[in-house]
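1. here is my input, please return the structure:
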Amino acid sequence: MRLMLIVLVVSWRESAGIDERLLKGNEVPKSKGKPRAPKKGRPIDPARRRYCSFCKEKVDEVDYKDVAVLRRYVSDRGKIKTRRVTGACRRHQRQVAVAIKRAREMALLPYTASVAAGDDKRGGRRGRG
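-> Numbering: from 1, shown residues only. As a prediction, the model looks like this:
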């Protein structure tokens with residue numbers, strides 16, 4: 001009976017992929033891959049942090065009729081810019097998104113950018129195969 005129990009425990013450990021080193025102590029196996037290279041790009045500078053312009057001006061609600069302010073939060077393609085790009089806080093970014101959607105519905109802002117004739121840089125699937 002005892003032998004059967006030991007065989008079951010050993011086979012369970014093997015099928016579950018549990019390493020004996022992890023069961024015995026706090027040893028953690030070392031990774032087999034190469035160490036990661038540092039990320040390329042601009043170094044993170046905490047002194048150059050963006051702050052929410054609405055919080056600076058102590059704006060309580062973002063107004064959908066203020067198209068000049070809302071245009072700063074829309075890309076040239078007509079997409080709503082992300083918090084990482086705009087620097088707005090979570091609360092105001094959500095209000096900006098709702099205000100942009102309301103302004104689009106009232107035809108104060110366009111849904112998409114107007115494409116000039118002959119400007120086919122982003123042609124989609126045309127010309128493939």
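2. now do the nearest residue to Gly78 once chain neighbours are set aside, the pLDDT please.
-> Leaving aside its sequence neighbours, Gly78 sits nearest to Thr112 (C-beta to C-beta, 6 or more residues apart in numbering; 4.2 Å). Every C-beta, even on glycine, is put in place using the N, C-alpha and C of the backbone. As predicted, Thr112 sits at a pLDDT of 89.
3. skipping its backbone neighbours, what lies nearest Asp66 in space?
-> Spatial nearest neighbour of Asp66, chain neighbours left out: Ala99 (7.9 Å); criterion: C-beta to C-beta, 6+ apart.
4. can I assume that neighbour is in contact with Tyr64?
-> Yes. Counting by C-beta atoms under 8 Å, Tyr64 is a contact partner of Ala99 at 4.0 Å.
5. quick check: neighbours shared by those two?
-> Leu70 (C-beta atoms under 8 Å, 6 or more residues apart in numbering).
6. for the two, indicate the residue with more neighbours.
-> Ala99 (23 against 20; other C-beta atoms under 10 Å).
7. which ones are touching that one?
-> 62-64, 66, 70.
8. so it, which state does it fall into?
-> helix (DSSP: H, G, I helix; E, B strand; the rest coil).
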